[in-house]
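Novice: What follows is a predicted protein model with its sequence.
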Amino acid sequence: MARILQLDTAVAELVDDGDTVALEGFTHLIPVAAGHEIIRQRTRNLTLVRMTPDVIYDQLIGAGCADKLVFSWGGNPGVGSLHRFRDAVQHSWPVPLEIEEHSHAGMANRYVAGASGLPFAVLRGYAGTDLPNHTDTISTVRCPFTGEELAAVAALNPDVGIVHAQRADRAGNVQLWGITGVQKETVLASARSLVTVEEVVDELPEQPGAVVLPTWAVTAVAEVPGGAHPSYAQGYYERDNGYYQDWDAIGRDRERFREWLDTEIHGAGRSAR
């Protein structure tokens, strides 16, 4: 049964140094506030997992929280590169960063396998690429019925899966809608899970097309209004495009990044969560 906790308490209880942590959200409902709290608590040696690491992962990497990234596409959507990510890979700043690269389909299937309690997933993919030569979690399997050789990817089972959603009730049942990505699979695949939500309500109203994560599947819920900003939460607020544009200049420069970290995360200028 999910517990309703404050964000700082939830992160302190659920995320440990050395954990494999997935913060998922596909352009929408990205758990940014939870990522900032991980930085604030100075968690270290994480393996970060995500289909599409963007600005919050750039910030986590730049803050020295991670020493490995498991991902598919990575970038500042609509703007360009992730400069803290690039600096870590190319120059080991602030710490060296190991990378494990997959396709989108490969990552999604890995989450599905993990959520299903299976050791691997099978898909038609990776043909014509050199990713299998560089990624140990990609292999092949021969179909016992047709003899066809297919790609196989190892299941993903993070220590902690973190997602953002619109609502939860006081029993810890979570409701989310819009572009949902692999949030459901992330929660089900992970040993522990944290869902930040825009609001906790007495009863979940009917919402067409919504995904409901039942309380038994969730470890903790934290009420964090605006917790997906600068991404958007359908029905609550729009995407802050200016934030992504401004991040490009901050992320390019180590000193500007340090100033941002001191002011917005560790200093008085940060938002209270």
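Specialist: Cool, the structure landed.
Novice: From here on, just use CA atoms for contacts and neighbour counts.
Specialist: Will do.
Novice: Give me the residue ranges of the stretch 151-273 of the chain where confidence is low.
Specialist: 268-273 (pLDDT under 70).
Novice: Could I get the full set of strands for it?
Specialist: 160-169, 174-176, 192-201, 211-213, 220-223 (DSSP state E, counting those that start in this stretch).
Novice: In terms of helices and strands, where is D58?
Specialist: According to DSSP states H and E, D58 maps onto helix 55-62.
Novice: between whichever helix or strand comes after that helix and helix 55-62, how many degrees?
Specialist: Remark: after helix 55-62, the chain's next helix or strand is strand 66-71, criterion DSSP H and E. Orientation of strand 66-71 against helix 55-62 (axes from the mean of the first three to the mean of the last three Cα atoms, to 10 degrees) gives an angle of 150 degrees.
Novice: quick one on the thing from earlier: for the record, mean pLDDT for the helix holding D58?
Specialist: Helix 55-62 comes out with an average pLDDT of 98.
Novice: That helix: which residues count as buried?
Specialist: For helix 55-62, the neighbour count (16 or more other Cα atoms under 10 Å) marks V55, I56, Y57, D58, Q59, L60, I61, G62 as buried.
Novice: Now distance to V197 too, for the residues you listed, in a markdown table please.
Specialist: Converted to a markdown table, the buried residues of helix 55-62 look like this (distance: Cα to Cα, whole Å):
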| residue | distance to V197 |
| --- | --- |
| V55 | 20 |
| I56 | 17 |
| Y57 | 20 |
| D58 | 23 |
| Q59 | 21 |
| L60 | 21 |
| I61 | 24 |
| G62 | 26 |
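Novice: Go through these and name the one nearest E148.
Specialist: Set against E148, the nearest of the buried residues of helix 55-62 by Cα to Cα is Y57 (37.6 Å).
Novice: Distance check, that closest one against Y111.
Specialist: 19 Å (Cα to Cα, to the nearest Å).
Novice: do the same with F85
Specialist: 23 Å.
Novice: Kindly state the beta-bridge partners for I4.
Specialist: V221 (DSSP bridges).
Novice: okay but it is in contact with A222, surely?
Specialist: Yes. Using Cα atoms under 8 Å, I4 makes contact with A222 at a distance of 5.8 Å.
Novice: Looking only at neighbour counts, state which of the two leads.
Specialist: Neighbours were counted for I4 and for A222 using other Cα atoms under 10 Å; A222 has more, 27 against 21.
Novice: before we move on, back to that, for the helix holding D58, give me every contacting residue.
Specialist: Helix 55-62 is touched from outside by 32, 35-36, 38-39, 66-67, 75-76, 82-85, 88, 93-94, 244, 247, 251, 257, with contacts defined as Cα atoms under 8 Å, 6 or more residues apart in numbering.
Novice: among the residues you listed, which are in helices?
Specialist: Among these, the members found in helices (DSSP state H) are 32, 35-36, 38-39, 83-85, 88, 244, 247, 251, 257.
Novice: Could you save the residues you listed as JSON lines and add columns showing distance to P205?
Specialist: Formatted as JSON lines, those follow (distance: Cα to Cα, whole Å):
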{"residue": "V32", "distance to P205": "25"}
{"residue": "G35", "distance to P205": "28"}
{"residue": "H36", "distance to P205": "30"}
{"residue": "I38", "distance to P205": "31"}
{"residue": "I39", "distance to P205": "34"}
{"residue": "H83", "distance to P205": "42"}
{"residue": "R84", "distance to P205": "41"}
{"residue": "F85", "distance to P205": "40"}
{"residue": "A88", "distance to P205": "45"}
{"residue": "Y244", "distance to P205": "33"}
{"residue": "W247", "distance to P205": "37"}
{"residue": "G251", "distance to P205": "40"}
{"residue": "F257", "distance to P205": "42"}
